[in-house]
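Participant: Need coordinates for the below:
(chains A, B, C and D)
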Protein chains: 2
Amino acid sequence: MTAPELTSSVTTADDQALIDALARTAFVVMATLNRIGAEHDLSLTQLRVLAILRDRRGKISELAAFLGLDKSTISGLVDRAERRGLLKRAPNPADGRAVDVFLSAEGIRLAEVGGTQIARALAPMIGQLTKRDGRRLTELLEAILEGDANPDPSYATTIG
Amino acid sequence: MTAPELTSSVTTADDQALIDALARTAFVVMATLNRIGAEHDLSLTQLRVLAILRDRRGKISELAAFLGLDKSTISGLVDRAERRGLLKRAPNPADGRAVDVFLSAEGIRLAEVGGTQIARALAPMIGQLTKRDGRRLTELLEAILEGDANPDPSYATTIG
DNA sequence: TATTGTTATACTCTATAACTATA
DNA sequence: TATAGTTATAGAGTATAACAATA
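Facilitator: Next comes the predicted model:
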């Protein structure tokens, strides 16, 4: 079986080739993140939660908005991660209804290890390019990200 | 909240920027695919199954290998899609144990509609680039995909 | 009244293990 | 014996609806 294409022929051949390359790249990157997450028994969403909390606290509602998920979903995700000792809950001092979530020492350690592994896993790919081409690719990707007009706020974020 | 980074600082700043751009692009593309799939009550995996079967039949075991999932998972996915009338099963003529899966007329229609929507959804992003930059981006992405050394066969595939 | 979070419920996705049928 | 597929089971991720506590 060779690689099929889902996108149709309403666009030019060049556009089509670019869409296909973007989709393939996305799947490879996501597969890498999934695989590294799985090595630590973390789903992609859990990995993202760890990334988000790596350098800040966050309320349940903020995490939900950031990830584009329902607050009840976050509640469950936090439950499981908390049970594993990766993060903790604390009452928000400014709002009696809100709950702050933040990483435990173990969560911080895991986020660091995961980050290192991700960089290492993607290194062979970016190593295909010269320094100059790498910078060029970064520029081009940042340019197309400018055109992202998705309604959901989480669509515009990085891994976290 | 601004965009956090999961990857660590074992790499150069340039590498880091590229990894970040790749991750952000991957999330935007995947979010687009997810959103369009959801509009048709299709998970990302179901969307990929439709894409794979768009121009070929496939055995359950082939779909499993292609997507990197267990055959029992495919069995369930096919069950649900078949119940919705999107695809059908038929005995494989060459192997009495195998089952062929293929799109129904409704499945073909849905795959076409979905493909068109995906191309349209990504158009604003690729529209940010000149024709020439678009071709350049395609080349660079194809170059880094060459460096993909993932063990799982499904990692090297496009959306389908 | 509106918002924050939790809980109950239901469904999908996923894997593992056990099973049947065929090779 | 080995392979293809199904089924039973279990757990995670997800959303909706109902709820309690707070604003």
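Participant: how near is A:Thr32 to DNA strand D?
Facilitator: To DNA strand D, A:Thr32 is 17 Å away according to CB to the nearest atom of the strand, to the nearest Å. No exception for glycine: its C-beta is placed from N, CA and C like everyone else's.
Participant: Over to A:Leu63?
Facilitator: A:Leu63 is 10 Å from DNA strand D, where distance means CB to the nearest atom of the strand.
Participant: do A:Thr73 as well
Facilitator: With CB to the nearest atom of the strand as the criterion, A:Thr73 and DNA strand D are 4 Å apart.
Participant: I figured that residue hits A:Ala64, correct?
Facilitator: Yes. Under the criterion of CB atoms under 8 Å, A:Thr73 makes contact with A:Ala64 at 7.2 Å.
Participant: Who has more neighbours out of those two?
Facilitator: A:Ala64 (19 against 14; other CB atoms under 10 Å in any protein chain shown).
Participant: Report the contact partners of the more buried one.
Facilitator: Contact partners of A:Ala64, counting by CB atoms under 8 Å, 6 or more residues apart in numbering or on different chains, are A:Asp70, A:Lys71, A:Thr73, A:Ile74.
Participant: Can you tell me which of these end up in helices?
Facilitator: A:Lys71, A:Thr73, A:Ile74 (DSSP state H).
Participant: quick one on the thing from earlier: which one of the contacts of A:Ala64 sits in the busiest neighbourhood?
Facilitator: These, ranked by neighbours (other CB under 10 Å): first place A:Ile74, 24 neighbours.
Participant: hang on, it packs against A:Ala65?
Facilitator: No. Contact criterion CB under 8 Å: A:Ile74 and A:Ala65 do not qualify, at 9.6 Å.
Participant: Phi, psi for the residue of chain A at minimum distance from DNA strand D please.
Facilitator: Closest residue of chain A to DNA strand D, CB to the nearest atom of the strand: A:Gly96 (2.4 Å). Here is the backbone geometry of A:Gly96 (degrees, to the nearest 10): phi -60, psi -20.
Participant: and what of A:Asp100?
Facilitator: phi -90, psi 140.
Participant: Report the contact partners of it.
Facilitator: A:Arg57, A:Gly58, A:Lys59, A:Arg89, A:Ala90, A:Pro91, A:Asn92.
Participant: phi, psi of the first one?
Facilitator: In this case it means A:Arg57. phi -80, psi 170.
Participant: Just give me the neighbour total for it.
Facilitator: 13.
Participant: where along chain A do the helices fall?
Facilitator: Assigned by DSSP H, the helices in chain A fall at A:13-39, A:44-53, A:60-67, A:71-83, A:105-126, A:131-145.
Participant: Specify which residues of chain A, grouped into ranges, have pLDDT under the cut-off.
Facilitator: Scanning chain A with the threshold set as pLDDT under 70 gives A:1-10, A:150-160.
Participant: if you set the cut-off to 80 instead, what comes out?
Facilitator: A:1-11, A:149-160 (pLDDT under 80).
Participant: near DNA strand C, which residues of it show up?
Facilitator: A:59-62, A:64, A:71-72, A:74-76, A:78-79, A:89, A:92, A:95, A:97-99 (CB under 7 Å from any atom of the strand).
Participant: Kindly recompute the last result at 6 Å.
Facilitator: Contact residues, chain A versus DNA strand C (CB under 6 Å from any atom of the strand): A:Lys59, A:Ile60, A:Ser61, A:Lys71, A:Ser72, A:Ser75, A:Arg89, A:Arg97, A:Ala98, A:Val99.
Participant: could you measure the second one against chain B, distance?
Facilitator: Spelled out, it's A:Ile60. Distance, A:Ile60 to chain B, using CB to the nearest CB, to the nearest Å: 13 Å.
Participant: rewinding a little: which among the residues of chain A next to DNA strand C end up buried?
Facilitator: A:Lys59, A:Ile60, A:Val99 (16 or more other CB atoms under 10 Å in any protein chain shown).
Participant: What's the local residue count around the closest residue to A:Gln117 other than its chain neighbours?
Facilitator: Computed as CB to CB, 6 or more residues apart in numbering or on different chains, the closest residue to A:Gln117 that is not its neighbour in sequence is A:Ile36, at 4.9 Å. Counted with other CB under 10 Å, residues neighbouring A:Ile36 total 22.
Participant: Sounds good, over and out.
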